[in-house]
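> sequence unavailable; structure follows:
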Ligand SMILES: [Zn+2]
């Protein structure tokens, strides 16, 4: 094999899921766990994966082997719904969705008009993702194009796969945060031209949610999607019952909440709808028929008292689902803590979320929901080398519980129940080390 200068050899246990699946029962048969594994990475791509024994002779003499004994290398986590400007308001007390937006979110987002401030917070935000092992995220900016420029510039600096967009919002919010249909169209168009497919960056057309956009603005969003069909659409759907009633009042001519988006051409394989808790049957049908994706955000849904997402229904209908932290209504950047809460959300619905299913949703399933499963989500040769080195025994309690675990399923379940940012030992993006635990 010919290797470039950037070749890396990683020795550790290796875990991934080899294939996208249609039902959760099929995940286990595609699970790959190599106790003493070797991964070769070249130029930011996965070059070879197998056992240490099979692979050790493939390592060029000049390459220093990075050994992580007792650690598990997994694909980097995929966060399918997060707001970077809300990192500074996590844990805002006492409200449900609509009041929470007015009292906390909107005043906070006003600060992102300032490019320097956006830069500072973008750097903070990306560091938080990396220290939690998240290597890809679908991200809300604010209404200000400066916020998106700052985030993309920071992500470009480490060649990180980030999808983001400027919020489109022209009503039902404070004046200082509103654009107009025309301004939002022009600014979004300019941002798409500048950033979409530049390196690993991708653009999402981002109307905040139906109540804060006029029909004219959603028509503009649909026009953009038509003009740039391979961009994403990222918004919220059916999170809270008062919100749904409000949408029905604002859009009486449409047949329910999702129909507002569907009518404007905003459903489809690259559309990601956060929450989807209180869907009507016709809305499930529409998501299924249009191959739209859902971001399941358990910590947020519990925190704002929004409700319990019906994950089983999405599986039954073969609708793509990824995990979202939804910072700042969500309460953690950490995917293991998010899975821990997802487990409880499913318990409250008499359904067991296995560790295999959970880690699938956080890696390959998330990649699939973002139409990126051909590039990221597992260690197929040729895919982009975004991965995380997990320490399954980062605390005395984890060590104790790990020692008494009897199977891989058990070990992973303990990890998602007790794990947090301390479990993230190293994070690699594009084949390069970008975070080391102190
Ligand atoms: Zn959100």
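Sure thing, it's come through. The model shown is predicted, which means the values in this text are computed figures rather than measured ones.
> what about whichever residue of the stretch 301-438 of the chain sits closest to the ion, how many residues close to it?
Nearest residue of the stretch 301-438 of the chain to the ion, counting by C-beta to the ion: residue 326, 4.6 Å away. For the C-beta atoms, the positions are set from N, CA and C on the backbone; glycine is no exception. Neighbourhood size, residue 326 [other C-beta atoms under 10 Å]: 30.
> what's the mean pLDDT across the helix or strand where residue 193 lies?
Residue 193 belongs to helix 181-195 when assigned by DSSP states H and E. The average pLDDT within helix 181-195 is 98.
> give me the distance between it and the centre of its chain.
Relative to its parent chain, helix 181-195 has a centroid offset of 23 Å by C-alpha atoms, centre = their mean, to the nearest Å.
> same question for stretch 311-331.
Between the centre of stretch 311-331 and the centre of its chain there are 10 Å (C-alpha atoms, centre = their mean).
> now stretch 73-88
Put simply, stretch 73-88 sits 5 Å off its chain's centre (C-alpha atoms, centre = their mean).
> that stretch near the ion anywhere?
No: contact of stretch 73-88 with the ion (C-beta under 5 Å from the ion) is absent, the minimum separation being 5.5 Å.
> now do the same end-to-end measure for that stretch.
One end of stretch 73-88 to the other measures 30 Å (C-alpha to C-alpha, to the nearest Å).
> buried set for it?
In terms of neighbour count (16 or more other C-beta atoms under 10 Å), stretch 73-88 has its buried residues at 73-87.
> which one of the residues you listed sits closest to residue 425?
Nearest to residue 425 among the buried residues of stretch 73-88 is residue 73, at 9.7 Å by C-beta to C-beta.
> and that closest one, which helix or strand is it part of?
Going by DSSP H and E, residue 73 is in strand 65-75.
> now swap in residue 78 and tell me
Following DSSP H and E, one finds residue 78 within strand 77-83.
> tell me what that strand is packed against?
If you count contacts as 3 or more C-beta pairs under 8 Å, 6 or more residues apart in numbering; DSSP states H and E, strand 77-83 packs onto strand 134-140, strand 271-275, strand 293-296, strand 320-323, helix 364-369.
> most centrally placed residue in this structure?
residue 79 (1.5 Å; C-alpha atoms, centre = their mean).
> quick check, stretch 295-311 touching the ion?
No: judged by C-beta under 5 Å from the ion, stretch 295-311 stays clear of the ion, getting no closer than 6.8 Å.
> buried residues in the helix or strand bottoming out on mean pLDDT in the chain?
Across the helices and strands of the chain, mean pLDDT, DSSP states H and E gives its lowest value to helix 97-100, namely a mean of 90. Neighbour counts over helix 97-100 (16+ other C-beta under 10 Å) mark 97-98, 100 as buried.
> low-confidence ranges, this structure, go.
By pLDDT under 70, the low-scoring segments of the chain are 1-5.
> domains in it, by residue range?
Per automatic domain parsing, the domain ranges recorded for the chain read 8-75+378-436, 77-353.
> residues in this protein within reach of the ion, list them.
274, 326.
> what does the top helix by length along the chain contact?
When the chain is parsed with DSSP state H, its longest helix is helix 115-131. The list of residues contacting helix 115-131 from outside it, by C-beta atoms under 8 Å, 6 or more residues apart in numbering, reads 79, 84-85, 87-88, 111-112, 135, 137, 144, 146-147, 149-151, 153-155, 158, 160, 333, 421, 424, 427, 429, 434-435, 437.
> again, only this time at 6 Å
The contact list for helix 115-131 (C-beta atoms under 6 Å, 6 or more residues apart in numbering) reads 84, 87, 111-112, 137, 146-147, 150-151, 154, 333, 421, 427, 434-435.
> out of the residues you listed, which end up buried?
84, 87, 112, 137, 146-147, 150-151, 154, 333, 421, 427, 434-435.
> am I right that residue 92 sits in a helix?
No: counting by DSSP: H, G, I helix; E, B strand; the rest coil, residue 92 is not found in a helix; it is coil.
> and it, what does it touch?
The contact partners of residue 92, by C-beta under 6 Å, 6+ apart, come to residue 104.
> returning to what we had before: the strand holding residue 78 vs helix 115-131, what angle?
Counting by axes from the mean of the first three to the mean of the last three C-alpha atoms, to 10 degrees, strand 77-83 lies at 150 degrees to helix 115-131.
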